[in-house]
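**Student:** Quick one: sequence plus predicted model below, questions after.
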Amino acid sequence: MADLATTYPDPVQIAVIGGTGLRELPGFAQVATLSVETPWGNPSSPITILHHNSPSSGKPIPIAFLSRHGLYHEYAPHEVPSRANIAALRSIGVRAVIAFSAVGSLQEAIRPRDFLIPDQIIDRTKGVRPWTFFEGGMVGHVGFADPFDTALSSIVSKCGHSLEGDGVKLHDSGTLICMEGPQFSTRAESNLYRSWGGSVINMSALPEAKLAREAEIAYQMICMATDYDCWHSAGESVSVELVMSHMRANSDNARRFVGTVLDELSKEEHAHIVSGESLREQSKSAAMMTGKEGRGEETVKKMSWLFPGYYD
Ligand SMILES: CSC[C@H]1O[C@H](OP(=O)(O)O)[C@H](O)[C@@H]1O
Ligand SMILES: Nc1ncnc2[nH]cnc12
């Protein structure tokens, strides 16, 4: 790391947020490491810029990598500075995020080490994490009916299926329960989530996905099941040891999966997706609720850092 540049000259449109057990992406050339300060504080880790040759043009494409829980896993799920993470990524040009997460399975058919691309979320966080950029005299409401980006999700799905039969088993859709933690669920809660139709459970999708939407960043999570939570009568209840043992055993597949997705996203044909075209300027109109006279000065400053030119 010592010789890496601390600045990067061009916008970086694609980012990976690594979760438990996916703290780096080996095999990609590291060209810079950025320490970005945002009005919401510092992100959970420096942002590493990796170079990846586009399979279509052969040109190097920059990819940003951020470690959700910090370089040493020092941030518990409720302590992850998600606003700083998302703001820092947007400030360097990111418009498409692939986020990785270790999840508990709530369904027999989703076995430990299977991958799943969630298409829905049920919010079971408890309102203790800052969850919006729109506050303090700037009211904004963005749509979240489909919390993940459908264009990104079909690319991720195609990539995952291309690896099937080669150690990767993929479920194309599912409802993700995002709980508060850091303690795992009780058996009654786990069974309740099953009765709601939950497919998998984690502690990290929110507020990350909501903030990405507010920041006009296309976002898709890739989940890897590491346990059957605590509902399964035959299986061992979730523990950190169980999560980590499955993550370690399947980390090559996880990295291969993410690498294949980055290959695909680097193709020119997907330029409109990674430039976040479908979300462009939605937060400009979302914040038009509040008349200029009612806007909080501090918030306008912060929001103008995030969206230069939007609120002049
Ligand atoms: C170590 S088990 C609980 C922990 O694992 C998941 O982390 P991530 O989503 O960052 O991969 C889960 O959300 C919890 O934070
Ligand atoms: N059972 C579980 N509950 C919440 N988060 C998890 N991450 C991995 N397994 C989990």
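**Tutor:** That came in fine, so what should we check first? Ligands and ions are numbered 1, 2, ... in the order given.
**Student:** list the buried ones in the strand or helix carrying Trp305?
**Tutor:** Here Trp305 sits within helix 297-306, counting by DSSP states H and E. Residues of helix 297-306 classed as buried: 299-300, 302-303, 306 (neighbour count, 16 or more other C-beta atoms under 10 Å). To be clear about C-beta, it is placed using only N, CA and C from the backbone, and glycine gets the same treatment.
**Student:** what do you get for stretch 5-18?
**Tutor:** By neighbour count on 16+ other C-beta under 10 Å, the buried set for stretch 5-18 is 8, 12-18.
**Student:** Also stretch 186-202?
**Tutor:** 189-190, 193-194, 198-202.
**Student:** interface residues of the protein facing ligand 1?
**Tutor:** With the criterion set to C-beta under 6 Å from any ligand atom, the chain comes near ligand 1 through 19-20, 68-69, 77, 101-102, 202-204, 240, 243.
**Student:** my guess is Glu298 meets Met138, correct?
**Tutor:** No. With contact defined as C-beta atoms under 8 Å, Glu298 does not count as touching Met138 (9.8 Å).
**Student:** Now list whatever residues contact both of those two.
**Tutor:** By C-beta atoms under 8 Å, 6 or more residues apart in numbering, Glu298 and Met138 have no common neighbours.
**Student:** that older thread, how far away from the center of its chain is the helix holding Trp305?
**Tutor:** Counting by C-alpha atoms, centre = their mean, to the nearest Å, helix 297-306 is centred 24 Å from the centre of its parent chain.
**Student:** Using PDB, write out every CA atom in that helix.
**Tutor:** Taking C-alpha atoms only, helix 297-306 is exported to PDB below (Å, rounded to 0.1, in the frame of the first residue of the first chain):
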ATOM      1  CA  GLU A 297     -28.500  26.300   6.100                       C
ATOM      2  CA  GLU A 298     -26.300  23.500   7.500                       C
ATOM      3  CA  THR A 299     -28.200  20.900   5.500                       C
ATOM      4  CA  VAL A 300     -28.000  22.900   2.300                       C
ATOM      5  CA  LYS A 301     -24.200  23.000   2.700                       C
ATOM      6  CA  LYS A 302     -24.000  19.300   3.200                       C
ATOM      7  CA  MET A 303     -26.400  18.500   0.400                       C
ATOM      8  CA  SER A 304     -24.600  20.800  -2.000                       C
ATOM      9  CA  TRP A 305     -21.400  18.800  -1.300                       C
ATOM     10  CA  LEU A 306     -23.300  15.600  -2.200                       C
END
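**Student:** average pLDDT across it?
**Tutor:** For helix 297-306, the mean per-residue pLDDT is 94.
**Student:** Could you do stretch 178-192 as well?
**Tutor:** Averaged across stretch 178-192, pLDDT comes to 98.
**Student:** and of the buried residues of stretch 5-18, the nearest to ligand 2?
**Tutor:** Nearest to ligand 2 out of the buried residues of stretch 5-18 is Gly18 (C-beta to the nearest ligand atom; 14.2 Å).
**Student:** unless I'm mixing things up, that closest one is touching Phe100, no?
**Tutor:** Yes. In this structure, Gly18 is within contact of Phe100 by C-beta under 8 Å, at 5.5 Å.
**Student:** So which of the residues of the chain next to ligand 1 sit within strands?
**Tutor:** 101-102, 202 (DSSP state E).
**Student:** restrict those residues to those near ligand 2?
**Tutor:** 102, 202.
**Student:** before we move on, the earlier item: rebuild the buried residues of stretch 186-202 as CSV, extending it with secondary structure.
**Tutor:** CSV is the format used below for the buried residues of stretch 186-202 (DSSP: H, G, I helix; E, B strand; the rest coil):
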residue, secondary structure
Glu189, helix
Ser190, helix
Tyr193, helix
Arg194, helix
Gly198, coil
Ser199, coil
Val200, strand
Ile201, strand
Asn202, strand
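**Student:** show me the biggest helix of this protein in terms of residues.
**Tutor:** In terms of residue count, the longest helix belonging to the chain (DSSP state H) is helix 251-265.
**Student:** List the buried residues for it?
**Tutor:** Buried residues in helix 251-265, counted by 16+ other C-beta under 10 Å: 253-265.
**Student:** nearest to ligand 2, of those?
**Tutor:** Lowest distance from ligand 2 to the buried residues of helix 251-265 (C-beta to the nearest ligand atom) belongs to Ala254, with 13.2 Å.
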